[in-house]
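Model the structure of this input:
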Amino acid sequence: MDESGQMAVYGVFSVDVEAPRDPWFTKADPCYSRLVLVNLKLVPKEPNEVPVVGLEQSAWSEALPEVLGSDLCLLMFPRVIELDQPLFEVAGHPIINHCLKALAKISDIREVILVGYYDESVFRDFIKDSSKEFPQFRIQYLREYTALGTAGGLYHFRDAILKGKPERIFVLNADVCCSFPLGEMLKLFEEKDAEAVILGTRVSNDAATNFGCIVSDSHTKRVLHYVEKPESHISNLINCGVYLFATECIFPAIRSAIKRRTTRPRLLSYPSSENLEASFVAADEETEKSEVLRLEQDILSDLADSNRFFVHETKDFWRQIKTAGSAVPANALYLQKAFQAQSDELTPPSATIVPPVYIHPTATVDPTAKLGPNVSIGARVVVGAGARIKDSIVLEDAEIKHDACVMHSIIGWSSRVGAWARVEGTPIPMTSHSTSIIKHGIKVQSITILGKECAVGDEVRVQNCVCLPYKELKRVCYLALLHFLTTLTLVNRMLPTRLLCSETFKKDCSKLDLFDGLYMSRYH
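Residues are numbered from 1 along each chain as shown. Below you'll find the model as predicted:
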C-alpha cells in the first residue's frame, strides 16, 4: 500500500550496458544494451571485446565492421542504427513504449522507474513525451554508477523503489516483444498468494536451451525448478523476461545472494560446463563482478525452492529483440496485434495497402506504391511511384525512389534507395527465434540493414547485407559477409600482430563460424 492507502504496483525499467574493454578501442562505447521493465536489462551472455574493421577502412579506431554475422549483430544498434536500443522504433513506437502501454492497463501502477547505465540525456526527451502520453504514473530515470546486473540494479535503488511502500513490483525485460499479459499475472499472483510470478511460453525443444528453462507443476502452476540456459534439455517452457515480485520477497532474496558471494565462489552457468573451473569467477575478477547480480543466474533458481513461485504460461506471441535484425519480426508481431485490435493508428487496407501497415502522418506515399504486409513507415519518409515495400521498417526522412523494391529490411534514417533498386533480406519463419541463416555454408543475417544516410544507387541490388552509416553502394552487394572475409584476408598486413593473435579477437571472430582453417589459422 502507498501512503494514501492504495495499492501501488511499480514498473521499474532498467538498462544495463557493458562496454568493450579491448585496449584497441579508443574509448569505451555502450555497444551492449539490455532492457528490463522494473529492471529491464539487456546484458550480453559475455562481454565481447571486438576490434573490427570496415570494408573500406584501414584504421581500427572506432570503426565497426560494415558487415557482421548475427552473433555479433548486437553491435548494430549503437553503430549501424545509431540509436540506443530501447528507443528504436518498432511498429511506429520506441521499444520501451510498448512496455509502458502494457503498464498503463494496470490501474494501480503509480510510478515507472528506468534504471540504467546510459547518460541521463538519452531518455530525457522520451520521458518528457511519455509523461504526457501516460499521465497516470510518474516516470523517472535512475543511472547506475556501473553496470550492476538486473538484480543488482534493483537492489542498489531499493530505497527509491520502496519509497511509496509498494507491496508488489513488475519487472519486465524490454528486449522482448510480447503482449505483456500483466493483468493475468496479477490475477494469478492474488489467487495463489504468491511471492513471485514469472511469464513463460513454449518453444521447440531445440531452441529451449538458449533460454532460461522452467520446470513447473501443470496443475498448480508452481515453479519446481529453474535453470538458465541449460546444456541439456529439461523443459520447453522458457522464461519470457517478465516478472511480478512481492517486495518482501525479492529484496531479501537479493540480499541473501550477496551474502553467499562472501562464503563460496559464484557459478557463471548452471549446470557446470565441460570445464568446471572455467564456470567460476576468477579471483582477480571477483572484485569487479562482486556487485553484478542477475535475476536469471543468481535469484530465480533459489526462488524455485519456495512454494510460492508460480508461472503464467502465455499462448500469445513472444520473441526477443536482441539484434537490429530481430526488430523486423518484432515489428510484424506488434503490427499484427494492432490489426487484430482494429487500431486506428494503422492504414486502412486498399488495393495498394496489404495490412497490417503503419504510415506516419507526415510521410508521403505515392498512390501507386504497394505496401505490406508488416511495414512501418517513419516520419517524413517519401515513397515513390510503383515502389514495393514488404516486411520492412523504413525510418525517418528516408526516401524510396520510384519502382524500387524493399523486402525484409531496415532502411536507416535519411537513407536513399535508388530507382529500380532492390534491397532485400531472406524471409524466416515467424516462429523462429533466430535472425541468421546459412547461405553457401556461411552464416549471415537474414535481414538487410542500411545504417543512417546510406545511399543505394539506381538499379543496384543489395541482399543479406548490413551496411554502416554514410556508405554509398554503387554496385550489387550480395552476401556481403563474403566480401568482409576477403577484405580481412587482404588487409592482414595492416593489422597489429598483437591484435590478430589475441584470444579475445579469435573467440569473437569464431562466433561468425567463418574462420575455421581460412583466416584464424594464419595467425595461430
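
can we go C-alpha only for contacts and neighbour counts from here?
OK.

what's the nearest residue to Cys249 if we skip its chain neighbours?
Glu195 (6.0 Å; CA to CA, 6 or more residues apart in numbering).

again with Leu244
Phe170 (4.5 Å).

before we move on, back to that, tally of neighbours for the residue nearest to Cys249?
Using other CA atoms under 10 Å, Glu195 has 21 neighbouring residues.

so it makes contact with Asp305?
No: with contacts counted by CA atoms under 8 Å, Glu195 stays clear of Asp305, the gap being 11.8 Å.

Touching both of these two, which residues are there?
Among the neighbours of Glu195, none is also in contact with Asp305 (CA atoms under 8 Å, 6 or more residues apart in numbering).

Can I take it that Ser121 is in a strand?
No: judged by DSSP: H, G, I helix; E, B strand; the rest coil, Ser121 forms no part of a strand; its state is helix.

Run a quick neighbour tally on it.
Count around Ser121 with other CA under 10 Å applied: 9.

With Asp302 instead?
Asp302 has 15 nearby residues by other CA under 10 Å.

one step back: pLDDT averaged over whichever strand or helix holds the residue nearest to Leu244 - what is it?
Using DSSP states H and E, Phe170 sits in strand 168-172. Across strand 168-172, pLDDT averages out at 93.

neighbouring contacts of stretch 341-355?
By CA under 8 Å, 6+ apart, stretch 341-355 touches 338-339, 356-359, 367-374.

Where does confidence bottom out across those residues?
For the contacts of stretch 341-355, the pLDDT minimum is Gly372, 93.

Could you count how many residues lie near it?
20.

Please apply the same query to Asp344.
10.

For Ala338, see how far away it is.
9 Å (CA to CA, to the nearest Å).

ok so, going back, and the pLDDT at the residue nearest to Cys249?
Glu195 is given a pLDDT of 96.

again, but for Asp125
93.

same deal with Val423?
97.

Please identify which helix or strand holds it.
Assigned by DSSP H and E, Val423 falls in strand 422-424.

Tell me the strands beside that strand, with direction?
strand 405-407 (parallel), strand 461-463 (parallel) (DSSP bridges).

which stretches of the protein aren't confidently modelled?
Scanning the chain with the threshold set as pLDDT under 70 gives 1-84, 262-291, 478-524.

Break it down into its domains, please.
The chain breaks down by automatic domain parsing into domains covering 9-46+64-310, 346-479, 491-523.

out of the ones you listed, nearest to Val328?
Distance to Val328, taken as CA to CA, is lowest for domain 346-479 among those, at 6.2 Å.

Keeping just the C-alphas, turn stretch 140-152 into CSV.
Extracted in CSV, the C-alpha atoms of stretch 140-152 (Å, rounded to 0.1, in the frame of the first residue of the first chain):
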residue,chain,number,x,y,z
GLN,A,140,11.8,8.8,-13.8
TYR,A,141,15.3,7.6,-14.7
LEU,A,142,18.0,6.4,-12.3
ARG,A,143,21.5,6.0,-13.6
GLU,A,144,23.8,3.2,-12.2
TYR,A,145,27.3,4.2,-11.4
THR,A,146,28.4,1.0,-13.1
ALA,A,147,26.7,-2.0,-14.7
LEU,A,148,25.1,-3.8,-11.8
GLY,A,149,23.1,-6.6,-13.5
THR,A,150,19.3,-7.0,-13.5
ALA,A,151,19.1,-7.8,-9.8
GLY,A,152,22.0,-5.6,-8.7
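
buried ones in that stretch?
For stretch 140-152, a neighbour-count test (16 or more other CA atoms under 10 Å) marks Gln140, Tyr141, Leu142, Arg143, Glu144, Ala147, Leu148, Gly149, Thr150, Ala151, Gly152 as buried.

quick one: contacts of the helix or strand harbouring Arg260?
According to DSSP H and E, Arg260 maps onto helix 247-261. Applying CA under 8 Å, 6+ apart, the contact partners of helix 247-261 are 151-152, 155, 158, 162, 166-169, 195-196, 290-291, 293, 298-299, 302-303.

before we move on, what about stretch 202-209?
Lys229, Pro230, Glu231, Ser232, His233, Ser235, Asn236, Leu237, Ile238, Glu313, Lys315, His433.

For the stretch 151-300 of the chain, just list every one of the helices.
Secondary structure of the stretch 151-300 of the chain (DSSP state H, counting those that start in this stretch): helices located at 158-161, 182-192, 205-208, 247-261, 283-289, 300-303.

closest one to Asp458 among the ones you listed?
Of all the helices of the stretch 151-300 of the chain, helix 205-208 comes closest under CA to CA, at 40.6 Å.

quick revisit: now the residue nearest to Cys249: how far from Leu154?
Counting by CA to CA, the gap from Glu195 to Leu154 is 16 Å.

got it, and Ile411?
36 Å.

And Phe126, by the same measure?
22 Å.

quick one, which of the two is more surrounded?
Leu154 (27 against 15).

so Lys471 sits right up against Gly457, yeah?
No: with contact defined as CA under 8 Å, Lys471 does not reach Gly457; the gap is 10.9 Å.

still on that earlier bit, can the buried residues of stretch 140-152 go into CSV with extra columns for secondary structure and distance to Leu87?
Output for the buried residues of stretch 140-152, formatted as CSV (DSSP: H, G, I helix; E, B strand; the rest coil; distance: CA to CA, whole Å):
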residue, secondary structure, distance to Leu87
Gln140, strand, 15
Tyr141, strand, 14
Leu142, strand, 17
Arg143, strand, 16
Glu144, coil, 19
Ala147, coil, 19
Leu148, coil, 21
Gly149, helix, 20
Thr150, helix, 19
Ala151, helix, 22
Gly152, helix, 23
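
Let's have those in CSV, adding distance to Lys259.
CSV is the format used below for those (distance: CA to CA, whole Å):
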residue, distance to Lys259
Gln140, 30
Tyr141, 28
Leu142, 25
Arg143, 24
Glu144, 21
Ala147, 19
Leu148, 16
Gly149, 16
Thr150, 17
Ala151, 14
Gly152, 13
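
about what we covered before: which of the contacts of stretch 341-355 count as buried?
Of those, these count as buried by 16+ other CA under 10 Å: 338-339, 356-359, 368-374.

Closest one of the residues you listed to Ser326?
When the buried ones among the contacts of stretch 341-355 are compared against Ser326 (criterion: CA to CA), the nearest one is Asn374, at 13.6 Å.

Can you name the residues that contact the closest one?
By CA under 8 Å, 6+ apart, the contact list for Asn374 reads Asn331, Ala332, Leu335, Gln336, Pro355, Pro356, Val357, Lys390, Asp391, Ser392.

Give me the buried subset of those residues.
Buried among the contacts of Asn374 by 16+ other CA under 10 Å: Asn331, Ala332, Leu335, Gln336, Pro355, Pro356, Val357, Lys390, Asp391, Ser392.

Sort out which of those residues are in strands and list them.
Using DSSP state E, the members of the buried ones among the contacts of Asn374 that fall in strands are Val357, Lys390, Ser392.
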